[in-house]
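**Q** A structural model of the following input is requested.
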Amino acid sequence: MKRLVFLIILLAFIWAGVFLWPEKKDEQKANWPDFKKFDIVKIQFDQFELVKDKDKWRVKEKGQNIRPYADQTKVDALIDFLQVNSPKRFLGSLDKDKVGEFGLDKPKQLVIYAQEKWSVQVGDKNPSEDGVYALSSSYPGELLLMNAAYADKVGAGSDTYYELKLLPFDDEQITRVRLLENNSTRWDVLKKDGEFTFNAPEEITRYKVSSSEATSLFFELGSMRAQSLDFKKDQAKLQFTLEVFHRGGETPLKIKIFKAKEKYLAQVDQNKWYFVLDQAQHDNLNKTSFLLKDRSIIHLDTGQAHKMDLVISGKNVQLYKVNGVWKHKDSDQEVPGMGLYLWRLSDLKYEQDPKSQLPSTASRIVIWAVKDKQDKDLVKVYFYEDSALPADRCWVQVAGQSSYYVVDSSLLEDLKTKVE
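**A** Numbers count the residues shown, from 1 in each chain. Below you'll find the predicted structure:
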């Protein structure tokens, strides 16, 4: 009889565990807010707040009147995280005398202000470190075990949410960029129907704009993300100003670039904060009109190239192409990579304004003729070394032209190593 009573009691407990506990747990889970339906106006952390300002978020720090824009994608990611990360486990009512055992005597806190106020307080990780102890206004007095990532989410610093992208639009929206230095225009580049032209100053409007350089500049402007933000520009000196014209904007957006000790600062329009740029970002914006010119020397259809005649240090070398492979005419040995060398030849750009005469210190060392199937010259190029030039520069002249150009000598050095 006692055994029967024991079994009945045991079955009752099992039934309660199977049917009643999940129901209770499901009921508890159901209390988790649907954050995406909230009209959230503020997210408060311990040291800063994310505040909704019309349709944009701003970062408001304690003791700081400046409110830079927040990265919308990161704010959305936080809300998404809260949405899908309800409590992992419910650990029962929390004795107020034991809050310190769970790190909840000095918790990190996050508060959301919407139709209703919601909060979560995060303490220490549990022994297995797969979660953190927490309290939430959704379950008053209940000790919770939450996703371990809550510690980082709730304890994040304000810099986590800074919007570091300089411009609020991408490069496809940019129609014109002007660089001003000492109140005068260094260059003004206009983009129309995918083509770039110099708009000012007048003395450079006759030159073509390098499509690759201008495309790179516009893309850099439209995608650039700063290293961080700064709120002071002590002893900073204005270097130049960029005026960026864009579709849908009546006036250009101004970017002032300052040099402050070992860093560069960019101020966009009248914002009171500054974007911190590194040296490479500064250099990518600080283009000279010379760099923006189309400085191409050779116009070569590499697909028409089938033969090459080279004279290198007095030695004649002949190459021919068969089935897309370049070979020595004398030995039939393959010369891999010559297609790339042809592309580099066609992409040569002068590094200084051309000259009508060579200096006496220059001497010819390479003749490179590229021919078609009919043995007709597509282009013939003369290379000159010059002790008066830097080690990484040489002279080039194209047959039929009277100008001499200073170019990067790496192609010449690589070619000599390749075919000698």
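
**Q** My guess is Gly31 contacts Glu142. True?
**A** No, residue 31 isn't Gly; it's Asn. No: counting by Cβ atoms under 8 Å, Asn31 stays clear of Glu142, with 9.8 Å between them. For every residue, glycine as well, the C-beta is placed using N, CA and C.

**Q** Between these two, which has more neighbouring residues?
**A** Per other Cβ atoms under 10 Å, whichever of Asn31 and Glu142 has more neighbours is Glu142, with 17 against 13.

**Q** backbone phi and psi for that one, please?
**A** Phi and psi for Glu142, reported as degrees, to the nearest 10, are phi -90, psi 130.

**Q** list the contacts for it?
**A** With contacts defined as Cβ atoms under 8 Å, 6 or more residues apart in numbering, the neighbours of Glu142 are Gln28, Phe90, Leu91, Gly92, Ser93, Leu94, Leu135, Ser136.

**Q** can you rerun that using 6 Å?
**A** By Cβ atoms under 6 Å, 6 or more residues apart in numbering, the contact set of Glu142 is empty.

**Q** Distance-wise, check Arg89 relative to Val132.
**A** 11 Å (Cβ to Cβ, to the nearest Å).

**Q** Those two: which is more packed in?
**A** For Arg89 and Val132, the more surrounded residue by other Cβ under 10 Å is Val132, and the numbers stand at 26 against 12.

**Q** what about the more buried one, helix or strand, and which?
**A** Secondary structure assignment for Val132, by DSSP states H and E: strand 131-136.

**Q** Mind listing the strands that strand pairs with, and their directions?
**A** Partners of strand 131-136 in the sheet, by DSSP bridges, are strand 117-125 (antiparallel), strand 142-147 (antiparallel).

**Q** Looking at these, which one is packed in the most?
**A** Among the strands paired with strand 131-136, judged by mean count of other Cβ atoms under 10 Å, the one packed with the most neighbours on average is strand 142-147 (a mean of 21).

**Q** so where do the helices sit in the stretch 51-200 of the chain?
**A** Secondary structure of the stretch 51-200 of the chain by DSSP state H, counting those that start in this stretch: the helices cover 72-84, 150-154.

**Q** how about those helices, which one is nearest Phe383?
**A** In terms of Cβ to Cβ, the element of the helices of the stretch 51-200 of the chain nearest to Phe383 is helix 72-84, at 50.8 Å.

**Q** and the angle from that closest one to strand 117-125?
**A** When axes from the mean of the first three to the mean of the last three Cα atoms, to 10 degrees is applied, the directions of helix 72-84 and strand 117-125 differ by 80 degrees.

**Q** And the contacts of helix 72-84?
**A** Outside helix 72-84, the residues that touch it by Cβ under 6 Å, 6+ apart are Phe35, Lys36, Trp57, Lys153, Tyr161.

**Q** Please report the number of neighbouring residues for the closest residue to the second one other than its chain neighbours.
**A** Right, the one you point to is Lys36. Distances taken as Cβ to Cβ, 6 or more residues apart in numbering put Gln83 closest to Lys36, at 5.8 Å, once the chain neighbours are dropped. Gln83 is flanked by 15 other residues according to other Cβ under 10 Å.

**Q** Can you list the low-confidence ranges for the stretch 301-420 of the chain?
**A** For the stretch 301-420 of the chain, no stretch is flagged by pLDDT under 70.

**Q** can you map out the helices along it?
**A** Taking DSSP H, counting those that start in this stretch as the criterion, the stretch 301-420 of the chain carries its helices at 338-346, 410-419.

**Q** Output the last one as PDB, restricted to C-alpha atoms.
**A** The C-alpha trace of helix 410-419 is given here as PDB (Å, rounded to 0.1, in the frame of the first residue of the first chain):
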ATOM      1  CA  SER A 410      59.700  49.500 -61.700                       C
ATOM      2  CA  LEU A 411      58.300  48.300 -65.100                       C
ATOM      3  CA  LEU A 412      61.700  48.800 -66.700                       C
ATOM      4  CA  GLU A 413      63.600  47.000 -64.000                       C
ATOM      5  CA  ASP A 414      61.100  44.100 -63.900                       C
ATOM      6  CA  LEU A 415      61.200  43.800 -67.700                       C
ATOM      7  CA  LYS A 416      65.000  43.700 -67.800                       C
ATOM      8  CA  THR A 417      65.000  40.900 -65.200                       C
ATOM      9  CA  LYS A 418      62.300  39.000 -67.100                       C
ATOM     10  CA  VAL A 419      63.800  38.800 -70.600                       C
END
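
**Q** quick check, distance from it to the centre of its chain.
**A** Averaging C-alpha positions (Cα atoms, centre = their mean, to the nearest Å) puts helix 410-419 34 Å from its chain's average.

**Q** Tell me which stretches of the stretch 151-300 of the chain form strands.
**A** 174-181, 184-192, 195-200, 228-230, 237-246, 253-260, 263-268, 274-277 (DSSP state E, counting those that start in this stretch).

**Q** now those strands in JSON lines, with mean pLDDT?
**A** Converted to JSON lines, the strands of the stretch 151-300 of the chain look like this (pLDDT from 0 to 100):
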{"stretch": "strand 174-181", "mean pLDDT": "97"}
{"stretch": "strand 184-192", "mean pLDDT": "97"}
{"stretch": "strand 195-200", "mean pLDDT": "97"}
{"stretch": "strand 228-230", "mean pLDDT": "96"}
{"stretch": "strand 237-246", "mean pLDDT": "97"}
{"stretch": "strand 253-260", "mean pLDDT": "96"}
{"stretch": "strand 263-268", "mean pLDDT": "96"}
{"stretch": "strand 274-277", "mean pLDDT": "97"}
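
**Q** Out of those, which one sits most buried?
**A** Stretch with highest mean neighbour count among the strands of the stretch 151-300 of the chain: strand 274-277 (a mean of 22; mean count of other Cβ under 10 Å).

**Q** next one: that one to chain centre, how far?
**A** 14 Å.

**Q** Who is the closest residue to Leu319 other than its chain neighbours paired with across the strands?
**A** In this structure, Leu319 finds its nearest non-sequential neighbour in Met308, 4.3 Å apart by Cβ to Cβ, 6+ apart. Taking DSSP bridges as the rule, Met308 bridges to Leu319, Val370.
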